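S.K.: I'll drop the sequence and a predicted model, then ask my questions.
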Amino acid sequence: MDKMEKLRRFESYFSILRARGIIKTQGDLATLIGVSNKSISAAKNGNETYLTESLLSKIDAAVNYYTAPATTEELE
């Protein structure tokens, strides 16, 4: 996957989490997925050392977790 596609995914994930009220800042995202603020900032700026598939996978997992429909057990 090229740099622009990774950056597009990052921005999309960030926007989804922000729109849902799960995060407000880059720092919130860093805390949510357990990485440093520096890593999020560098990734958002397109630094390929930080904009890795591993980072995107962590953000993707958070998006899936926080945007998944509630299960029957959670609603009871």
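M.R.: Arrived safely, thanks for sending.
S.K.: Look up how far residue 68 lies from the spatially closest residue to residue 46 that is not a sequence neighbour.
M.R.: Spatial nearest neighbour of residue 46, chain neighbours left out: residue 7 (5.4 Å); criterion: CB to CB, 6 or more residues apart in numbering. All C-beta atoms are positioned from the backbone trio N, CA, C, and that covers glycine. The gap separating residue 7 from residue 68 is 25 Å, by CB to CB, to the nearest Å.
S.K.: Tell me which of the two has more neighbours.
M.R.: Neighbour count, other CB atoms under 10 Å: between residue 7 and residue 68, residue 7 has more, with 17 against 9.
S.K.: Against residue 21, how distant is that one?
M.R.: 24 Å.
S.K.: quick one on the thing from earlier: would you mind measuring from the residue nearest to residue 46 to residue 37?
M.R.: On the measure of CB to CB, residue 7 and residue 37 end up 18 Å apart.
S.K.: where in this structure is pLDDT low?
M.R.: The model of the chain has pLDDT under 70 over residues 70-76.
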